[in-house]
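Trainee: Structure for this input, please:
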Amino acid sequence: MGIWRQRLHEELSGQVQYEITGKMPGINEIVQAGKNPRARNAMKKRAENSAVAQMRAQGLREVTQFPVVVTFDWRAKNRRRDPDNIAGAGQKILLDALQVAGILPNDGWSQIARIEHNFEISGAQDAVTITITEHSPAID
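Mentor: As a prediction, this is how the structure comes out:
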């Protein structure tokens, strides 16, 4: 699907989607770097800046209808890291990146109704697809 056709589909379906490539720091790496706060903050900031740059390259679309459901579809190159390790730090970094990019105003209770995670082994590069969908209480 071409980029403009995808954007039209997203507008009609109440969805916003971003593809972020590259390995996110896992919670274990963040905890290990916690012994050195500068290293920990630098690691998180690098990952956040990379995600924001990728979102900007895909075209920013501010979400205006709240609350939303945020779905993370994680693709790992291999099974070396556990799903909770990948999602633990990645979720926080990416939700912060969505705010820095101006897509979400905040990641609090009023803005996010639910967060979902899906995992698969891709054999290719690590990546995550973030899908932001308008929340419909009828689907709960």
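Trainee: By mean pLDDT, point me to the weakest helix or strand of this structure.
Mentor: helix 3-13 (a mean of 49; mean pLDDT, DSSP states H and E).
Trainee: Now do the same for the most centrally placed residue in the chain: helix, strand or coil?
Mentor: Central residue of the chain (C-alpha atoms, centre = their mean): L94, 4.1 Å from the mean position. Under DSSP: H, G, I helix; E, B strand; the rest coil, the three-state class of L94 is helix.
Trainee: need the contact list for it.
Mentor: For L94, the contact set (C-beta atoms under 8 Å, 6 or more residues apart in numbering) comprises I20, M24, A51, F72, V128, I130. Where C-beta positions appear, they are placed from N, C-alpha and C, glycine not excepted.
Trainee: Swap in 10 Å and give it another go.
Mentor: Listed by C-beta atoms under 10 Å, 6 or more residues apart in numbering, the contact set of L94 reads 18, 20, 24, 47-48, 51-52, 55, 70, 72, 87, 107, 128, 130.
Trainee: What of V128?
Mentor: Contacts of V128 (C-beta under 10 Å, 6+ apart): 18-22, 24, 51, 72-76, 86-87, 90-91, 94, 117-119.
Trainee: Which strands border whatever helix or strand it lives in, and is each parallel or antiparallel?
Mentor: For V128, the enclosing helix or strand under DSSP states H and E is strand 127-134. Sheet pairing of strand 127-134 (DSSP bridges) gives strand 15-21 (antiparallel), strand 68-76 (antiparallel).
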